[in-house]
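S.K.: Give me a model of this one.
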Amino acid sequence: MINRIRDIRKQKGLTLADVAARCVPATTAQTIGRLETGTRNLSLVWMNRIAAALEVEPEVLVRSETDSQTRIVARLVESGAEALTAPRDAILPTALSGDATLVAMTVEVSAGEYRAGDQIWLRHISAEDYSRLVNRDVLAPRPGGRFAFGRLIDRDDHRVALLPPGVGQRQMVIDNPPWLAVAEMLVRRL
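M.R.: Numbers count the residues shown, from 1 in each chain. Down below sits the predicted model:
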């Protein structure tokens, strides 16, 4: 198995000290460095601590030597596409647990800025954070196993108002949604 802690840490722009401070309980940068380089054994306990600190699933921290991984080879800057000094693994966002879970929704018919074939990844948000979702696209469950998706345009203590994507859509009001999930990432095939 290949340890990918360093690649993920660097991709997230974190130092050894940053990761060490984010660990619960906190540890030292030296310990993280030893775990990265393999001079210290990466136990299941350490995998879980470091995964939480890096905000990835524990299994992302290691990979088989035979697995092929999608690589990031370039970045787009003002002057155009620019090669990276060294390719790195593409790490998809994942949830940790509880309210931070990701869900995904596929787009079957183009609506507003979304095209048929798109995937929208959404993150569950707790009720006390609904006010910061105003003017963001959210998914809300409705009675009978149905869902509503649209821009959150208003909220009060018990209701949220969504404006579905597309021209001429009418506002939908949902009473006491058990949860909302905010659109966090769009995956679109070219």
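S.K.: what sits up against the helix of greatest length in the chain?
M.R.: Ranked by number of residues, the top helix in the chain under DSSP state H is helix 44-54. With C-beta atoms under 8 Å, 6 or more residues apart in numbering as the test, helix 44-54 has contacts from 5, 8-9, 12, 14, 19, 22-24, 27, 32, 35, 57-58, 60-62, 96. C-beta coordinates here come from the backbone N, C-alpha and C atoms, glycine included.
S.K.: now, which of those residues lie within strands?
M.R.: The members of those that map onto strands under DSSP state E are V62.
S.K.: Show me the shaky parts of the chain.
M.R.: 1, 63-73, 76, 81, 89-101 (pLDDT under 70).
S.K.: Just the helices from it, written as ranges.
M.R.: 5-11, 16-22, 29-37, 44-54.
S.K.: Next up, the contacts around A140.
M.R.: By C-beta under 8 Å, 6+ apart, A140 lies in contact with F147, A148, F149, V160, L162, I174, P177, W179, L180, A181.
S.K.: same thing but 10 Å
M.R.: For A140, the contacting residues are 146-150, 152, 160, 162, 172, 174, 177-181, by C-beta atoms under 10 Å, 6 or more residues apart in numbering.
S.K.: Likewise for V182?
M.R.: 122-125, 129-130, 132-133, 136-139, 152.
S.K.: For ChimeraX, write the select line for the buried members of the residues you listed.
M.R.: In ChimeraX, selecting the buried portion of the contacts of V182, with burial taken from 16 or more other C-beta atoms under 10 Å, looks like this:
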select :122,123,124,125,130,133,137,138,139,152
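S.K.: List buried residues within the contacts of helix 44-54.
M.R.: Burial by neighbour count, 16+ other C-beta under 10 Å: within the contacts of helix 44-54 this picks out 5, 8-9, 14, 19, 22-23, 27, 32, 35, 57-58, 60-61.
S.K.: Could I get those residues in JSON lines, plus columns for distance to V109?
M.R.: What follows is the buried ones among the contacts of helix 44-54, written out as JSON lines (distance: C-beta to C-beta, whole Å):
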{"residue": "I5", "distance to V109": "42"}
{"residue": "I8", "distance to V109": "36"}
{"residue": "R9", "distance to V109": "40"}
{"residue": "L14", "distance to V109": "40"}
{"residue": "V19", "distance to V109": "43"}
{"residue": "R22", "distance to V109": "41"}
{"residue": "C23", "distance to V109": "45"}
{"residue": "T27", "distance to V109": "50"}
{"residue": "I32", "distance to V109": "47"}
{"residue": "L35", "distance to V109": "47"}
{"residue": "E57", "distance to V109": "32"}
{"residue": "P58", "distance to V109": "37"}
{"residue": "V60", "distance to V109": "33"}
{"residue": "L61", "distance to V109": "39"}
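S.K.: Please identify which of those residues is nearest to E78.
M.R.: L14 (24.9 Å; C-beta to C-beta).
S.K.: That concludes my questions; thank you for your assistance.
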